[in-house]
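>>> Have a look; sequence and predicted model below, questions after that.
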Amino acid sequence: MDYEPISVALKFAFLAILYLFLIWVVSSARKDLKRNRGDAESGRTGSQIGAGGGGTQDAWLVVERSDSLAADTRFDLFGGATLGRSAQSDISFEDRYASGLHARVYARGDRYFVEDMNSTNGTLLNGASLVGENELADGYTISIGDTTFRFEMDGYQ
């Protein structure tokens, strides 16, 4: 039996799958670049990737105190954000008391919430230990170890 036609067909099928994979990678990269370009043009930093949907009001976490992040650095919370020491966190920082994925901030409707992700050393909300999830209001502080963020909503400063 002659296997050459089957061999040629398999080679073309493999090439087709390879090209589809490459198109998918390029498409994903373009989407990420478009999303990040919007942050750069508006002067904001941070990621738009995170748990939960985007709130109807703009909100940010602003660094108040940190050994690894510059003070007054603003992180946009559109789409939510995870905080922690891991490079996989949306807001990553070095703090000896922070877990890899320590906490998350997310929107539910037009309200924002913070939740500790079962971290080893816990999270403080306005100086009190955070249990479960709590709603955030403008000016609330989130402390993870020696790092403190201030929550700002919809243009308040």
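Sure thing, it's come through.

>>> The helix or strand that contains Ala16: what's the following helix or strand?
Using DSSP states H and E, Ala16 sits in helix 4-42. Using DSSP H and E, the helix or strand that follows helix 4-42 towards the C-terminus is strand 59-65.

>>> Tell me how far the worst-scoring helix or strand of the chain on mean pLDDT lies from the chain's centre.
None of the helices or strands of the chain scores lower by mean pLDDT, DSSP states H and E than helix 4-42, at a mean of 83. How far helix 4-42 lies from its chain's middle: 24 Å, per C-alpha atoms, centre = their mean, to the nearest Å.

>>> Which residue lies nearest the spatial centre of this protein?
Asp90 (2.9 Å; C-alpha atoms, centre = their mean).

>>> unless I'm mixing things up, it is touching Thr82, no?
Yes: between Asp90 and Thr82 there is a contact under C-beta atoms under 8 Å: 4.9 Å. (Each C-beta comes from the backbone N, C-alpha and C, glycine too.)

>>> now stretch 143-156: mean pLDDT?
Summarised as a single mean, pLDDT over stretch 143-156 is 85.

>>> Of all the residues in it, which ones are buried?
Of all the residues in stretch 143-156, those buried under the rule 16 or more other C-beta atoms under 10 Å are 143-145, 147-153.

>>> Quick check: the gap between the residue nearest to Asp154 when sequence neighbours are not counted and Leu83.
By the measure of C-beta to C-beta, 6 or more residues apart in numbering, the closest residue to Asp154 outside its immediate chain neighbours is Gln57, 4.2 Å from it. The gap separating Gln57 from Leu83 is 20 Å, by C-beta to C-beta, to the nearest Å.

>>> Which one of the two is surrounded by more residues?
More crowded of Gln57 and Leu83, by other C-beta atoms under 10 Å: Leu83, with 30 against 15.

>>> now the more buried one: how far from Ser66?
For Leu83, the distance to Ser66 - C-beta to C-beta - is 11 Å.
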